[in-house]
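>>> need a structure here:
(4 chains)
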Protein chains: 2
Amino acid sequence: MPASRVTLADVARRAGVSRTTASFVMSDRTDMRISDEARQRVLAVAEELGYRPNLTARGLRTTVTRTIGLISDTIATTQFAGEVIHGALDTALAHDHLLFVVETSDDPAVEQRLIEGMLDRQVDALVYATMYTRVATPPPALDGRRVVLLNSLDETFDGPRVLPDELAGGRNAAAALVRAGHTDGIYSIGGRHLIPATPDGAWAGRLRMQGAEEVLAEAGLELSGTVECAWEAADGYAAVSGLLETGIRPRALICLTDRLTLGVYQALQQAGLRIPEDVSVVSFDDSALASWLRPGLTSVALPHYELGKAAVDLLLNGDQSRAVHRIDMPIRTRQSVAPPAADRS
Amino acid sequence: MPASRVTLADVARRAGVSRTTASFVMSDRTDMRISDEARQRVLAVAEELGYRPNLTARGLRTTVTRTIGLISDTIATTQFAGEVIHGALDTALAHDHLLFVVETSDDPAVEQRLIEGMLDRQVDALVYATMYTRVATPPPALDGRRVVLLNSLDETFDGPRVLPDELAGGRNAAAALVRAGHTDGIYSIGGRHLIPATPDGAWAGRLRMQGAEEVLAEAGLELSGTVECAWEAADGYAAVSGLLETGIRPRALICLTDRLTLGVYQALQQAGLRIPEDVSVVSFDDSALASWLRPGLTSVALPHYELGKAAVDLLLNGDQSRAVHRIDMPIRTRQSVAPPAADRS
DNA sequence: GTGAAAGCGCTAACAC
DNA sequence: GTGTTAGCGCTTTCAC
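Numbering: from 1, shown residues only, chains lettered A, B, ... in the order given. I've put the predicted structure just below:
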């Protein structure tokens, strides 16, 4: 016998008050004076009966459902989506909200159906998210709704956006190396992602490299070289193997993703080079992989939890005006960075 | 101006019919005869006005919201949750349902709040999921609700459960090796997870090993040995290093998880052994890692997408009686298994 | 201080 | 074939 069968009217009747009075008590409203005695009685009865307000009924009346929609392009292929959802959910829960979670698979027709489904269920607001940073434009169905963009570079959007602070992330990566005492033989693996498929590079890559180069320059240093390539494991393997074959002996590597670093580790270890004794490695993502690798990989975190959290915070309290909110990319230190050994060349 | 401001009454008025007629047309009901002419008119007006039914209002009246709740213990730490959500969502969408997604972090108080939140919003049914298989018992708040358990070993639950078919999975792993022509030097890395923390091993481990041993026995073969250990990368590294140090030269390895295999790869490659030429490797999980590794790892998939799909299917159409539904664990073939080389001992 | 009554947008008896 | 009417469980104006 579902508990939700207990209605406000039941509570009111049993407490000997009107539904109005019961309603005011249950929603903690003070703009109407209720005798303390009546209030206590209502509360006691509600407790005793296990009364829970029917939020769909309330929503019908008030047009607020305390429910928000989270639209993601993909959720299965990365662990990032899980973190965004987690951050969004924690924050929503803290404000007594719940989340519809939805995945479009980048199919506009699916997206349309899902958005309609959420709108039909009267969501109060929506976060429009992508799992990697790119230009993602919310469809017209979202016009006029309370929306925040997560990870989107869409400059035309007239509302708040949350983005990882990639420039600061790049600075953090280089700073870890500088702090450890590295001065030369520092290479970037992955670089700006300047490959035929993305001739302009990737937004994240450009900013990370800019940040890293700034920090090096401030220390009077510079990169010894950059291998521009895509950011998959195989690319990392090929990049470092290639470097080593030309006789280059790097002392520190800035790798653009953890996946890429997986290949880098294999190439390094295959060449008999030890991490971090012979070469230090910093990476980006701080994915689960970073902790699985041996030695543990020091990595600059993509702050997906915080992105989800910030997006929902903005939806619930924040200013709805056009603005970009940059979220910190903290470095997670493990064992892959060490001071350079005395020169053995 | 939100489109949902168009109401059924608006449509009815504009089409010159009563709300009843409009309602029957919109919900495609045939138990009342409506003139074809009226039906067309209503449909046309609805289309023109962009009418969308308010599902919370409908839910208030009918007590069905076409919304289901997905309760997970964790969603951020693995990519599995994403796959469960994906499977559940696809299936829900196919039936015009939406999903509340919620994460308890194994905190009963949080779980209670979240469940109440979903119940207050009148969800029709719920899936109670854990990300790894274990005994998980739904709290009393769920009593009397339409629920299916995903990944739970709770024998006391009086309803449907969906579980990976680990026994068949174990058979698939061993079969891949037998098919490739392996006859000896086959070792299990990880085994039943017989470590001090889990003296009885793990459910999945026991079944996988049982399945593997069955298949080997059917081929007149047997395992040359098993290294019982936990299922993390470091354990795989230690296990294989240990094996090699004792002079053992395995020809094929059955590793209990992809993470474990990451360590196994490192130990093998560090010892100069090539995969798959010198040693074949099969694993379990088919996580993203399996495709990142070099060579690509042949792995028996944990069918999280299918688990999510099956759970929602059961909720929506299925028989609600006590039953265990076992989901296939197909093997994903990559490059890590090959016929054994001619003996070089 | 409290209650009667109306109505949110919808469905469903029942009457015509 | 179609319309009238009465709610679903809640909030809220307004009168007492």
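>>> May I have the residues that are in contact with the most centrally placed residue in chain A?
In chain A, the centroid-proximal residue (CA atoms, centre = their mean) is A:H304; its distance is 1.8 Å. Contact partners of A:H304, counting by CB atoms under 8 Å, 6 or more residues apart in numbering or on different chains, are A:80-81, A:83-84, A:87. Quick note: C-beta positions are derived from backbone N, CA and C, even for glycine.
>>> How about it: what's its closest non-neighbour residue?
The shortest distance from A:H304 to any non-neighbouring residue, by CB to CB, 6 or more residues apart in numbering or on different chains, is to A:E83 (3.6 Å).
>>> what's the burial count for that neighbour?
Other residues lying near A:E83 total 24 when counted by other CB atoms under 10 Å in any protein chain shown.
>>> what do you get for the one 4 residues further on?
Neighbouring residues of A:G87 were enumerated by other CB under 10 Å; the total is 23.
>>> try A:R146
Neighbour number of A:R146 under other CB under 10 Å is 17.
>>> Report the spatially nearest residue to it, omitting neighbours in sequence.
A:A125 (3.8 Å).
>>> Residue ranges in the stretch 201-345 of chain A under the pLDDT threshold?
The stretch 201-345 of chain A contains residues with pLDDT under 70 at A:343-345.
>>> check which helix or strand covers A:V42.
According to DSSP states H and E, A:V42 maps onto helix A:36-49.
>>> got a list of contacts for that helix?
A:6, A:10-12, A:14-17, A:21-22, A:25-26, A:51.
>>> what helices or strands is whichever strand in chain A runs longest leaning on?
Under DSSP state E, the strand in chain A containing the largest number of residues is strand A:125-134. Counting contacts by 3 or more CB pairs under 8 Å, 6 or more residues apart in numbering or on different chains; DSSP states H and E, strand A:125-134 is packed against strand A:67-72, helix A:80-94, strand A:147-152, helix A:203-218, helix A:304-316.
>>> For DNA strand C, which of these is the nearest?
strand A:67-72 (16.1 Å; CB to the nearest atom of the strand).
>>> got the CA positions of the closest one in CSV?
Provided in CSV are the C-alpha atoms of strand A:67-72 (Å, rounded to 0.1, in the frame of the first residue of the first chain):
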residue,chain,number,x,y,z
THR,A,67,13.3,18.9,-11.2
ILE,A,68,16.0,19.7,-13.6
GLY,A,69,17.1,18.1,-16.9
LEU,A,70,20.6,17.1,-17.7
ILE,A,71,21.2,16.7,-21.5
SER,A,72,24.4,15.1,-22.4
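>>> Just checking: what are the partner strands of that strand?
Taking DSSP bridges as the criterion, strand A:67-72 forms sheet pairs with strand A:98-103 (parallel), strand A:125-134 (parallel).
>>> OK, contacts around the residue nearest to A:S18 when sequence neighbours are not counted?
Leaving aside its chain neighbours, A:S18 sits nearest to A:A12 (6.0 Å; criterion: CB to CB, 6+ apart). A:A12 makes contact with A:18-19, A:21-22, A:42, according to CB under 8 Å, 6+ apart.
>>> Ramachandran coordinates for A:A12?
The phi/psi pair for A:A12 (degrees, to the nearest 10) reads phi -60, psi -50.
>>> by how many degrees do the helix or strand A:F24 falls within and helix A:36-49 diverge?
Using DSSP H and E, A:F24 sits in helix A:19-26. Relative orientation of helix A:19-26 versus helix A:36-49 (axes from the mean of the first three to the mean of the last three CA atoms, to 10 degrees): 80 degrees.
>>> what about helix A:19-26 and DNA strand D, touching?
Yes: Helix A:19-26 reaches DNA strand D (CB under 7 Å from any atom of the strand) through A:19-20, A:23-24, A:26.
>>> buried stuff in that helix?
A:21-26 (16 or more other CB atoms under 10 Å in any protein chain shown).
>>> Output the contacting helices and strands for it.
Using 3+ CB pairs under 8 Å, 6+ apart, helix A:19-26 is in contact with helix A:8-15, helix A:36-49.
>>> Identify, out of these, the most deeply packed stretch.
helix A:8-15 (a mean of 19; mean count of other CB atoms under 10 Å in any protein chain shown).
>>> Next, the angle from that helix to helix A:19-26.
100 degrees.
>>> Helix A:8-15 - what's its average pLDDT?
Across helix A:8-15, pLDDT averages out at 91.
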